[in-house]
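S.K.: sequence and computational prediction follow.
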Amino acid sequence: MPPAHEKLASISRHLAARWLRHAQQQTTQQCRRQYSASSGPPPTGYEAFANPVKTHIPSTQEAASISRRNAIVAGTLFVAAGAGYYTSLVNKKSDLSTTQQDILKPPTEQHLINWSGTHEVNVSKYYQPESLVELETIVKHAQDVGQKLRCVGSGLSPNALAFEQQGMVSLALMDKILFIDSKQGTVTVQAGARVQEVADILRPHGLTLQDYASIREQTIGGFTQVSAHGTGAAIPPVDDSVVALKLVTPALGTIELSKERDPELFYMARVGLGCLGVVVEVTMQCVPAYRLEEQTFVTTGAEVKANHATWLRDNKHLRYMWIPSTDAVVVVQCNEEGSEAGKKAAVEAAARRKKGKEYSTLFEQVEPMRTLAVSKGAVSPDEAASLSATQLRDALLAVAPLDSNWVAAVNAAEAEVWKRSAGTRSGWSDEILGFDCGGQQWVLEVAFPCGILDSPNLVDIKYMDELQALIIKHNIPAPAPIEQRWTSSSASPMSPAYSSSSSSSKSNSGGSGSSPGSNNLETSSKEIHSWVGIIMYLPEEDLEKRKEVTAAFKKYGALVEKHLLGKYGAVEHWAKIEVPYLGDGKSQDEEIVATMKARLGKKYPLEKFNAARKRLDPKNILGNDLVDTLLT
């Protein structure tokens, strides 16, 4: 019998996996269509890769019920695993009223795990306020007694950026859409509102957010505080759309910020990592709602190099998924329906379809991975028949996740599935831009400058060449995909995509929504950044294999850190940066941390950021080991 804590951890991982799978299905199945081997035309691109051959798609009423339940129980609260919730009063103090005592009585110790199953914490005090007054009371109490307090969103950060053992506060119950200004094109929401809910409510007003990340179950607070991003060389990370903030701070109470109210602090706080205050309200600049036509196809590295500069300029949204150990690159191009770029991409897609064989059913599209899975006993034939490609990938990699030859075989099968799934789909931008990023995983994503839109310098492609050479040289069992995306720069000094060119044009902060090819001088001369993410997937049930994959990924990440990041001026995504405890000796760990801190110090104005922290949070209530280790 495993010890109780191991059994609890196993339950937590299963819950995390179930939550992640549902969140991704919510993201990738927006059209609520049911695909089967025998009904209708097969899906293409992401829909083909992420959808099971047969699946139950919830009705509108079911989806609404699930959505709200997720926001309060599983989604926005991510996973709270344990025997149950318990209630205990804090030590009564003479200066606390009965109402305050009620607010300050969170459950006792909670066992929490992030969505990727990579981090967990036993948190002593876990608060869920329903109002600004309650939140202010909680923050003030933490300040008075010197208790750490991190604000958590949906728990989607792979590095568990929000985790803190002493105390955490969730704004899951503060999720209202407060005001939509159709004339100005802005929306004001409470920080606990989920991205998809905001998108759904904006659409009847003819508005949408400028861009979306992969999963839209994030809360707006977490979404913006870590400088999350989608893809598009003329589109900045999401923090650049923030035009006003309301924060609850330990030292100054509740403050409101904008470019008119304390602009320097405002721009700093847009990517504050939860360290400058608990973000309680966010006002974001929107853009007119638009529909996208997506083209997905597989090509070679050579063709990518030959066309990259043109594709980057011509496409509103562009994504590459490099498949290691193959010469296959999945290219995803998205453009507004009816646009010249969209028409051009459609013509090119039609020409590609004529050259290749078309597969009439989803069952045929997924066949290469299904056959491999059954032949190796990864799943039974009956089970394999109902699994999506992402689910089959998880099952296949679990057979031998660190055998580089096996992983290469899985990658080759995946490349073939993508070839069979090539095609076109269309929908609203928030429906198209999300995708299923697989099961529980370790991930490291970095951003680095790669020229301006008018003149990309192609260092982003050179980076990929060097990364793939590194994988081959060190025989790394690197699964697919290595995802590559782009954004323009951000005016937020703590954004990985910050640049002086963006800072000099802060008057345009909030985004113009200009598309590539629009000949907008400011857009075309703005610095662009490439974002590249490496990944390894974690088996859900085998604890020993999970430990082995974790150790292997840390070595993989250390090689990327050593050979590429400094060379390309790259920094990690704030939700994916990890303190590198390799377990190879304290001195080596300290040396690596020192290197990371030096690299971060070159990129970010840490002296000013820490001065703002001291002003707003002098007792460092809002910090944790991760941010304190890397930023101080």
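M.R.: Yep, that arrived. Numbers count the residues shown, from 1 in each chain.

S.K.: show me where pLDDT drops low in the stretch 351-500 of the chain?
M.R.: For the stretch 351-500 of the chain, the stretches flagged by pLDDT under 70 are 353-354, 356, 360.

S.K.: can you give me the strands in it?
M.R.: Listed in chain order, the strands of the stretch 351-500 of the chain (DSSP state E, counting those that start in this stretch) span 423-428, 441-452, 455-456, 482-488.

S.K.: pop the domain breakdown of this protein in here.
M.R.: 4-170, 177-288 (automatic domain parsing).

S.K.: mean pLDDT lowest for which of those?
M.R.: Averaged per stretch, pLDDT over the domains of the chain is lowest on domain 4-170, reaching a mean of 62.

S.K.: most packed of the strands of the stretch 351-500 of the chain?
M.R.: Per-residue neighbour counts averaged over each of these give the maximum for strand 482-488, namely a mean of 24 (mean count of other Cβ atoms under 10 Å). The way it works is simple: take the backbone N, C-alpha and C, and place the C-beta from them, glycine included.

S.K.: report all helices and strands that it contacts.
M.R.: For strand 482-488, the packing partners by 3 or more Cβ pairs under 8 Å, 6 or more residues apart in numbering; DSSP states H and E come out as strand 317-322, strand 441-452, helix 459-473, strand 527-537.

S.K.: direction included, what does the second one pair against?
M.R.: Spelled out, that is strand 441-452. In the sheet containing strand 441-452, the strands it pairs with under DSSP bridges are strand 455-456 (antiparallel), strand 527-537 (antiparallel), strand 571-572 (antiparallel).

S.K.: can I get those in CSV with distance to residue 277?
M.R.: Compiled in CSV, the strands paired with strand 441-452 are given as follows (distance: least, Cβ to Cβ, whole Å):
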stretch, distance to residue 277
strand 455-456, 37
strand 527-537, 27
strand 571-572, 23
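
S.K.: which one, of those strands, ends up nearest to residue 491?
M.R.: Put simply, out of those the one that sits nearest residue 491 is strand 527-537, at 11.5 Å, with distance taken as Cβ to Cβ.

S.K.: that closest one to strand 317-322, inter-axis angle?
M.R.: Strand 527-537 runs at 40 degrees relative to strand 317-322, counting by axes from the mean of the first three to the mean of the last three Cα atoms, to 10 degrees.

S.K.: may I have strand 527-537 as CSV, with CA atoms only?
M.R.: The C-alpha coordinates for strand 527-537 follow below in CSV (Å, rounded to 0.1, in the frame of the first residue of the first chain):
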residue,chain,number,x,y,z
GLU,A,527,10.3,45.1,-32.9
ILE,A,528,9.0,41.6,-33.1
HIS,A,529,9.7,38.7,-30.7
SER,A,530,9.7,35.0,-31.3
TRP,A,531,8.4,32.7,-28.6
VAL,A,532,9.7,29.1,-28.6
GLY,A,533,8.5,26.3,-26.3
ILE,A,534,10.0,22.9,-25.6
ILE,A,535,8.0,20.2,-23.9
MET,A,536,8.0,16.7,-22.3
TYR,A,537,4.8,14.9,-21.3
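
S.K.: so for the following helix or strand past that strand, what gets flagged as buried?
M.R.: Scanning forward in sequence from strand 527-537 by DSSP states H and E, the next helix or strand is helix 543-560. Across helix 543-560, burial judged by 16 or more other Cβ atoms under 10 Å covers 545, 546, 549, 552, 553, 554, 556, 557, 558, 559, 560.

S.K.: and what of stretch 426-437?
M.R.: Of the residues in stretch 426-437, those with enough neighbours to count as buried (16+ other Cβ under 10 Å) are 427, 428, 429, 430, 431, 432, 433, 434, 435, 436, 437.

S.K.: so what's residue 545 up against?
M.R.: Contacts for residue 545 were tallied using Cβ atoms under 8 Å, 6 or more residues apart in numbering; they are 398, 401, 539.

S.K.: columns distance to residue 375 and neighbour count on top of these, output as a markdown table?
M.R.: Putting the contacts of residue 545 into a markdown table (distance: Cβ to Cβ, whole Å; neighbours: other Cβ atoms under 10 Å) gives the following:
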| residue | distance to residue 375 | neighbour count |
| --- | --- | --- |
| 398 | 15 | 19 |
| 401 | 18 | 24 |
| 539 | 19 | 21 |
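
S.K.: could the residues you listed go into a markdown table alongside distance to residue 574?
M.R.: Putting the contacts of residue 545 into a markdown table (distance: Cβ to Cβ, whole Å) gives the following:
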| residue | distance to residue 574 |
| --- | --- |
| 398 | 30 |
| 401 | 27 |
| 539 | 27 |
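
S.K.: name the nearest residue to residue 430, sequence neighbours excluded.
M.R.: Nearest residue to residue 430, sequence neighbours excluded (Cβ to Cβ, 6 or more residues apart in numbering): residue 199, at 4.1 Å.

S.K.: pretty sure the one you found sits in a helix.
M.R.: Yes. With the criterion set as DSSP: H, G, I helix; E, B strand; the rest coil, the secondary structure at residue 199 is a helix.

S.K.: right, and it touches residue 212 too?
M.R.: Yes. Using Cβ atoms under 8 Å, residue 199 makes contact with residue 212 at a distance of 7.4 Å.

S.K.: now do the shared contacts for the two.
M.R.: By the contact definition Cβ under 8 Å, 6+ apart, residue 199 and residue 212 are jointly contacted by residue 430.

S.K.: what's the spacing between residue 478 and residue 436?
M.R.: When distances are taken as Cβ to Cβ, to the nearest Å, residue 478 and residue 436 turn out to be 19 Å apart.

S.K.: residue 452 too?
M.R.: Between residue 452 and residue 436 the computed distance is 33 Å (Cβ to Cβ).

S.K.: now swap in residue 590 and tell me
M.R.: Applying Cβ to Cβ to residue 590 and residue 436 gives a distance of 38 Å.
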